[in-house]
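Peer 1: Please work out how this folds:
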Amino acid sequence: MRTLLCLLAVALVGRGVAQQAGDLDLSFDGDGRLVIDVLPAADPRMVSLPDGGLVVAVGHGVSGTPTVSMVRLAEDGSLVPSIWANGLLTLTSVGTLIDIHVQSDGKLLVIGRNTGGFVPVGNDIVIERYNMDGGVDSTYGVDGRCVLELPETSLSLNDALVGPGDALYLCGGRQNVPFICRFTAEGILDPSFGTDGFRMGDLPVVTRMVLISTGHIEFINQSTGPYRIPWNGVGAVINHFCGDPGVIGYAQRLVVNPYDQSMTCYTRYFSIPGSFMEDGVVRRTSNGVNLSGWGNTTCQQTYMFSSVFGEGLSGRVHALGADQAGNFFVGCHYFNNPGWRLYRMSSFGPSWDPGFGAAGQVTTAFDSTTAEAIPTRINTQMDGKIVMAGQCMVYGTNRVVLARYHNIPDPRSTLSLRIFLGGAYDASTGLMRDDLRQQALLPTLQPYGPPFYPPANGVGVWAVPQHVLDMEGEDAVVDWVWLELINASDSSNVMATRVGLVHRNGIVTSADGHSPIDFSAGAGSYFVRVRHRNHLGVTIAEPLTLGASVTTVDLTDPATITFGTDAQQEVNGVRMLWPGDATSDAAIKYVGPFNDRDKILVAIGGSNVNAVLPGYRTEDVNLDGVVKYVGTANDRDVILQVLDGSINAVRLEQRP
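Peer 2: So this is what the prediction gives:
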């Protein structure tokens, strides 16, 4: 570990060396720990960048003026000298720092709160956007800056987050005057949210919020919650408070995992029975399908620190995080103990995960003394590693400190995949059509879920940025696909699932439009299965050895062996998934119970065979954006063609 006083060349240590979950990442500043001397000691905010780097920001005061200082760090923890002034930027234009966020294109949002008055003079929310090269993005708002005047100076600004389409959500208020508002990706107050961009009045004061994949905002008040409202800010408030009689709770952080389970850390004061206090976490589970399941959720409470009231706790919980596998992370410090502790809890149980560190926890110190480190932020990087940030007295001086941990045993399993969907394949071009994208029908959120697509170890990135949907040519997006990583010794055991985007040229990427598929699983031997909502899935016949390098699989090549007989359609020597599974039941049928032809007829109304139904639907088996029963390019004929014209035939998905 070194203190970051200036730019130094740092050799990457530990590349190619297998690391276990919970180990410090030795490629980060040499020993996994970083002390940032160029930042004033304050509660740090932190975001990960697409290149593996970080931006760390703190709010502080200079001669009474609210000031924000930020550093840009490379993947190895060194300052990036080409950004700002040797990696450091100091600004006074946003007031008191609230948070920083990165958009899907890598641009940085800095959100502040000013009560001294800018232009217009008044009680302002201030947002600035910076390009990846560090310069102000003049296309955002007005000259790179958005200023929103709130009606009262007493209204707090408590939290911010970026959602699908790079929309920015802000929340705060005071008693009886709460608010949530939303800005577009261009820095304009979104009039389609709530009423003229605001949801106010019937909410508690919102202190923390997250987005749920069902299309809802979940939020907490300091002492109540969680609550949910739809993403558009319109609709009833759903309240689900999970508490005990005689408890006064103070919620501090809120985080959600890909299974829509949320976790809150809290301090609670008990009056029944007796009087004592505790610090800990509460995890709430949800089926994540729709609001009808929200009322069936249960609370799982883990009491980490407790004491008789007035005697003080032995430690405190300060930071929460979650990864794409659904694991929760809890950062805390123990009084009179050196360093901080990071815990990992599986999404499937309330106990600490024994596969992380020692019995689910790791302890990290930043000097040789007994100085306590107080973590305040946990960030999951795009490669799955965990970064925790906070403050620590390092040899007598309070500093901003970071540590980066392995979260997945290295080397990890990544896959470069190529497939074709038969319904969209154009033999004349050797590419697929992107009709769904051209008609703006592709959903920005992945469309798969139980019961046909149960997740395992998360689903990866489940929201696609608009700039990815704007891509044209052979890189244009055709549709979402579902991928399964399967235990080589037990084909019934799906180890991990991921969603991906398939492009016109057949390349499958993560939702960022360019990255290979990362299953967040360690190296090993696996089967891989590819599925689609209205095509038959295909499973690679021989286990793949996934390891340190990206593994490439081309399922369009007939030389790639797949399980079963005629597992894929072949056109002019090119393999592709069989289209026609309108019922998503892994079978294509023209007649008989649960046949796919009837599903198409029912979709268009059931009586008028000439009717058509546009939209993103499973019955649209040729993926042209329109469900048709008769006429040119109808979907019924696709089913008959797949069955070689035999109405009584059945084509089944081939699986081990």
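Peer 1: tell me the pLDDT at the closest residue to Thr397 other than its chain neighbours?
Peer 2: Among residues not flanking Thr397 along the chain, Ala41 sits closest, at 7.9 Å (CB to CB, 6 or more residues apart in numbering). Glycine gets a C-beta too; all of them are placed from N, C-alpha and C. Note for Ala41: predicted pLDDT of 89.
Peer 1: Can I take it that Ala41 is in a helix?
Peer 2: No: counting by DSSP: H, G, I helix; E, B strand; the rest coil, Ala41 is not found in a helix; it is coil.
Peer 1: Stretch 95-113 spans what distance, first to last residue?
Peer 2: 5 Å (CA to CA, to the nearest Å).
Peer 1: what do you get for stretch 617-631?
Peer 2: 18 Å.
Peer 1: Buried residues, that stretch. List them.
Peer 2: Using 16 or more other CB atoms under 10 Å as the burial criterion, the residues of stretch 617-631 that qualify are 617-629.
Peer 1: Now intersect those with the strands, please.
Peer 2: Using DSSP state E, the subset of these located in strands is Val626, Val627, Lys628.
Peer 1: pretty sure the last one is in contact with Val609, am I right?
Peer 2: Right, Lys628. No: the pair Lys628 / Val609 is not scored as a contact, 9.3 Å apart, by CB atoms under 8 Å.
Peer 1: Quick check: the residue nearest to Thr397 vs Ala322, distance?
Peer 2: According to CB to CB, to the nearest Å, Ala41 stands 27 Å off from Ala322.
Peer 1: These two: which is more packed in?
Peer 2: Shown here are Ala41 and Ala322; by other CB atoms under 10 Å, Ala322 has more neighbours (23 against 18).
Peer 1: Make sure the more buried one is actually in contact with Thr380.
Peer 2: Yes: applying CB under 8 Å as the test, Ala322 and Thr380 come out as touching, 7.0 Å apart.
Peer 1: where along this protein do the helices fall?
Peer 2: 435-438, 466-469, 596-603, 635-642 (DSSP state H).
Peer 1: list the contacts for the residue nearest the centre of the chain?
Peer 2: Geometric centre of the chain, nearest residue: Val461, 5.3 Å, by CA atoms, centre = their mean. By CB atoms under 8 Å, 6 or more residues apart in numbering, Val461 lies in contact with Gln324, Val499, Ser510, Ala511, Asp512.
Peer 1: residues shared between the contacts of Ala322 and Thr380?
Peer 2: Phe329.
Peer 1: Between the two ends of stretch 528-544, how far is it?
Peer 2: End-to-end for stretch 528-544, by CA to CA: 8 Å.
Peer 1: Any buried residues in that stretch, and which?
Peer 2: Going by neighbour count (16+ other CB under 10 Å), the buried part of stretch 528-544 is 528-540, 543-544.
Peer 1: And those residues, which is closest to Gly201?
Peer 2: Using CB to CB, Arg533 comes nearest to Gly201 of the buried residues of stretch 528-544, at 39.7 Å.
Peer 1: separation between the closest one and Leu445?
Peer 2: Using CB to CB, we find Arg533 at a distance of 14 Å from Leu445.
Peer 1: Likewise for Tyr453?
Peer 2: From Tyr453 to Leu445 the distance is 14 Å (CB to CB).
Peer 1: CA-only coordinates of stretch 66-85 in CSV, if you can.
Peer 2: Extracted in CSV, the C-alpha atoms of stretch 66-85 (Å, rounded to 0.1, in the frame of the first residue of the first chain):
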residue,chain,number,x,y,z
PRO,A,66,-18.9,24.4,-0.2
THR,A,67,-16.3,22.6,-2.4
VAL,A,68,-16.1,19.3,-4.3
SER,A,69,-12.8,17.6,-4.9
MET,A,70,-12.7,14.6,-7.2
VAL,A,71,-9.9,12.2,-8.4
ARG,A,72,-9.9,9.9,-11.4
LEU,A,73,-8.2,6.6,-10.8
ALA,A,74,-7.0,4.1,-13.3
GLU,A,75,-7.8,0.4,-12.9
ASP,A,76,-4.6,-0.1,-10.9
GLY,A,77,-5.4,2.7,-8.5
SER,A,78,-3.0,5.3,-9.9
LEU,A,79,-4.1,8.8,-10.7
VAL,A,80,-4.9,9.4,-14.4
PRO,A,81,-2.7,12.4,-15.4
SER,A,82,-4.5,13.2,-18.6
ILE,A,83,-7.8,13.9,-16.8
TRP,A,84,-8.3,17.2,-15.0
ALA,A,85,-5.1,18.4,-13.3
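Peer 1: thought Ser525 was touching Ala488?
Peer 2: Yes: with contact defined as CB under 8 Å, Ser525 and Ala488 form a contacting pair (4.2 Å).
Peer 1: out of those two, which sits in the more crowded spot?
Peer 2: Neighbours per residue, other CB under 10 Å: of Ser525 and Ala488, the larger number sits with Ala488, 16 against 13.
Peer 1: circling back to that earlier point, joint contacts of Ser525 and Ala488?
Peer 2: Counting by CB under 8 Å, 6+ apart, the shared contacts of Ser525 and Ala488 are Pro543.
Peer 1: Pick out whichever of the buried residues of stretch 528-544 sits closest to Arg651.
Peer 2: Using CB to CB, the buried residues of stretch 528-544 come closest to Arg651 at Leu536, 6.8 Å.
Peer 1: tell me the pLDDT at that closest one?
Peer 2: pLDDT, Leu536: 98.
Peer 1: any idea how far it is from Val602?
Peer 2: 21 Å.
Peer 1: any chance you could map the strands in the stretch 101-250 of the chain?
Peer 2: Residue ranges of the strands in the stretch 101-250 of the chain, as given by DSSP state E, counting those that start in this stretch, are 108-114, 124-130, 145-149, 156-162, 168-174, 177-183, 198-200, 208-212, 216-220, 227-230, 238-239, 247-256.
Peer 1: Show residues contacting the first one.
Peer 2: By CB under 8 Å, 6+ apart, the surrounding residues in contact with strand 108-114 are 47, 55, 57, 59, 66, 68, 70, 91, 93-103, 123-130, 132, 156-157, 160, 162, 168, 170.
Peer 1: now that strand: mean pLDDT?
Peer 2: The average pLDDT for strand 108-114 rounds to 92.
Peer 1: Now do that strand against strand 168-174, angle only.
Peer 2: Strand 108-114 runs at 20 degrees relative to strand 168-174, counting by axes from the mean of the first three to the mean of the last three CA atoms, to 10 degrees.
Peer 1: try the fourth one
Peer 2: Between the axes of strand 156-162 and strand 168-174, defined by the same axes, to 10 degrees, the angle is 160 degrees.
Peer 1: Provide the strand pairings for strand 156-162, with the direction of each partner.
Peer 2: If you go by DSSP bridges, strand 156-162 pairs up with strand 168-174 (antiparallel).
Peer 1: which residues sit in contact with Thr583?
Peer 2: Counted by CB under 8 Å, 6+ apart, Thr583 has contacts Phe594, Asn595, Asp596, Lys599, Thr618.
Peer 1: Just give me the closest of these to Phe335.
Peer 2: Thr618 (56.6 Å).
Peer 1: which residue sits closest to the closest one in space, ignoring its chain neighbours?
Peer 2: Asn534 (4.6 Å).
Peer 1: wait, that neighbour sits on Ala424?
Peer 2: No: using CB under 8 Å, Asn534 is not in contact with Ala424, being 10.7 Å away.
Peer 1: which residues are in contact with both of the two?
Peer 2: Residues touching both Asn534 and Ala424 (CB under 8 Å, 6+ apart): Leu623.
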